[in-house]
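Model the following, please.
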Amino acid sequence: MATGGKSAGGGSRGGKDRAAREARERARLYKARAELHQSQRRRRVRDNVIAGVVGGAVIAGIVVGQIAFYTVGPGAPAPSPTGTPTPTPTMTVPVSPTPEPSATP
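Take a look at the predicted model:
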């Protein structure tokens with residue numbers, strides 16, 4: 001006569017098997033959750049590093065673009081005339097020798 005999977009003389013043994021099986025299942029689930037948590041943590045760290053590098057590169061590109069725009073591009077100030085004087089012709093006065101005193105008045 002079959003009694004639902006239990007052997008004829010080991011009624012208490014079936015309870016131990018079930019408890020051991022449930023303990024193994026709990027341990028397996030715990031290990032799977034721990035591995036999932038660890039992999040999610042690694043992925044978050046990796047994603048944060050990638051986001052930081054990409055964000056830094058974008059900010060650096062923006063700064064370089066602004067510097068280039070305002071120093072070389074259309075945002076650069078137009079050069080204004082400096083107003084350098086043009087040389088004008090000057091009258092040259094002939095240099096005469098200084099007069100020497102004469103003996104006759």
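
Is the spatially most central residue of the chain within a helix or a strand, and which one?
In the chain, the centroid-proximal residue (Cα atoms, centre = their mean) is G56; its distance is 1.3 Å. Using DSSP states H and E, G56 maps to helix 11-71.

How far off centre is that helix?
For helix 11-71, the separation from the chain centroid amounts to 21 Å (computed by Cα atoms, centre = their mean, to the nearest Å).

OK, contacts around the residue nearest to the centre of the chain?
Applying Cβ atoms under 8 Å, 6 or more residues apart in numbering to G56 gives no contacts. Backbone N, C-alpha and C define where each C-beta goes, glycine included.

if I look at it, how far off is I62?
11 Å (Cβ to Cβ, to the nearest Å).

before we move on, what about R26?
53 Å.

for T90, helix, strand, or coil?
Three-state call for T90 (DSSP: H, G, I helix; E, B strand; the rest coil): coil.

Give me the pLDDT for it.
The model reports T90 with a pLDDT of 72.

swap in the one 4 residues further on?
As summarised for this prediction, P94 has a pLDDT of 65.

Could you do A23 as well?
A23 is given a pLDDT of 96.

How many residues are close by it?
10 (other Cβ atoms under 10 Å).
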